[in-house]
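1. have a look at this prediction, sequence included:
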Amino acid sequence: MMTVYSSPLCPDCREAKANFDAHGIPYRLVDVTSSMRDLKEFLKLRDGSPVFDICRENGFIGIPAIVFEDGSVTLDWESVLKERGLPVVYREERPACRLDGSGC
């Protein structure tokens, strides 16, 4: 089962969760804003993975972050749907956390 690092404060994260739920995709949700333990778990992943290089360089948090059973990581939740042949079924009006719409 994949793990999704997320926050209910993040529009991108809410979209990902709504889509995974609508399609019945199983996942473990880790809300990085719910506890220090969950935040530290995410930061350990973020600090140790080159997938987050661009996020760190540009001041993004890097959520939603999806970790698959094999340990691979993606920041593109829509690719999880595309790989399964599933459509995006939910879009928020405001596409991202940053004012310029570029990501969380």
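-> Structure received.
2. now do the contacts for P8.
-> R14, D31, T33 (Cβ atoms under 8 Å, 6 or more residues apart in numbering). Yep, even glycine has a C-beta here, placed from its N, CA and C like the rest.
3. how far away is it from G59?
-> According to Cβ to Cβ, to the nearest Å, P8 stands 21 Å off from G59.
4. one more: Y90?
-> From Y90 to G59 the distance is 27 Å (Cβ to Cβ).
5. the more surrounded of the two?
-> Y90 (13 against 8; other Cβ atoms under 10 Å).
6. for the more buried one, which non-adjacent residue is spatially closest?
-> Excluding the flanking residues, the one nearest Y90 by Cβ to Cβ, 6 or more residues apart in numbering is A18, at 4.1 Å.
7. need the three-state assignment for the one you found.
-> helix (DSSP: H, G, I helix; E, B strand; the rest coil).
8. check which residues of whatever helix or strand R56 lives in are buried.
-> Following DSSP states H and E, one finds R56 within helix 53-58. The neighbour-count check on helix 53-58 (16 or more other Cβ atoms under 10 Å) flags C55 as buried.
9. distance between whatever helix or strand comes next after it and the chain's centre?
-> Downstream of helix 53-58, the next assigned helix or strand under DSSP H and E is strand 65-67. Mean-position distance between strand 65-67 and its chain equals 6 Å (Cα atoms, centre = their mean, to the nearest Å).
10. who are the packing partners of strand 65-67?
-> strand 2-6, helix 36-48, strand 73-74 (3 or more Cβ pairs under 8 Å, 6 or more residues apart in numbering; DSSP states H and E).
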